[in-house]
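Enquirer: coords please:
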Amino acid sequence: MTSSRGLNRALPWIAGAVLLIGVFAFWQTMVNPNENRETFSNERVQNQSTPETVPLAPEARQVVVQFIKTAVMRQNLRQAWTISGPQIRQDMTLKQWLTGNIPVVPYPDAAVNRSPVKITWSHPTEAGLEVVLQPRPGSKEKPQLFFVGVLKQGSGSQAKWVVDYWAPYAPPPIPSNPG
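Expert: As a prediction, this is how the structure comes out:
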């Protein structure tokens, strides 16, 4: 049994508040009882299937190499425009693109022929790769890992691969002196 006068005076108010909240919750469920009603059907469930995994198309690998040699190294930007997808172009016009101020992280001293490539995933119309760009001998650049996404646009003889994603791997810095 509680003997505190303050608690004894507050108990009716607390009970009233709890009752009021309960009445409000009950009213809420009765006002729109059909609002969140579940519906059932005899139709089969449509599961989204994972796209088929296929070997990387040679054209997709070639477009990645061309993208590095053009957009990443800032050489022949007109050709870089033709092999860049909409995510890379970001609504830029060709005239804006040709200024060289493009949304592609540059790596000017890449020795493309020495750069290892790992295929992360490959489907019939898209693929993801990891490319380690190695600097040319004598360069002060450090090797850098980049993630690359390619898409196949169009169909039939009009289909072509474009680079639609290009981003460096940038882990968070680890302090050398955590104190």
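
Enquirer: Show me the helices in the chain, by range?
Expert: For the chain, applying DSSP state H gives helices covering 5-31, 58-67, 77-82, 86-89, 94-97.

Enquirer: And the longest one, what does it pack against?
Expert: Here helix 5-31 is seen to pack against no other helix or strand when contacts are counted using 3 or more CB pairs under 8 Å, 6 or more residues apart in numbering; DSSP states H and E. C-beta here means a position set from N, CA and C on the backbone, and glycine is covered the same way.

Enquirer: Tell me how many other residues crowd V148.
Expert: 22 (other CB atoms under 10 Å).

Enquirer: So what pairs up with the closest residue to it other than its chain neighbours in the strands?
Expert: Spatial nearest neighbour of V148, excluding adjacent residues (CB to CB, 6 or more residues apart in numbering): L129 at 4.6 Å. In this structure, L129 bridges to I119, V148 when assessed by DSSP bridges.

Enquirer: wait, L129 sits on V150?
Expert: Yes - the criterion here is CB atoms under 8 Å, and L129 meets it with V150 at 7.3 Å.

Enquirer: Please say which of the two ends up with more neighbours.
Expert: Applying other CB under 10 Å to L129 and V150 shows that V150 carries more neighbours, namely 27 against 21.

Enquirer: what about the residue nearest to V148, distance to N101?
Expert: Distance check for L129 against N101: by CB to CB, to the nearest Å, it reads 26 Å.

Enquirer: Over to V163?
Expert: Counting by CB to CB, the gap from V163 to N101 is 18 Å.

Enquirer: Grab the nearest non-local neighbour of F67.
Expert: V163 (4.3 Å).

Enquirer: and the residue nearest to V148, what does it touch?
Expert: Neighbour list for L129: 56, 64, 117-120, 147-150 [criterion: CB atoms under 8 Å, 6 or more residues apart in numbering].

Enquirer: Buried among the residues you listed? Need that as a selection in PyMOL.
Expert: Buried subset of those, written as a PyMOL selection, criterion 16 or more other CB atoms under 10 Å:
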select buried, resi 56+64+148+149+150
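
Enquirer: if we can go back for a sec, out of the helices of the chain, nearest to V105?
Expert: Among the helices of the chain, the nearest to V105 by CB to CB is helix 86-89 (10.8 Å).
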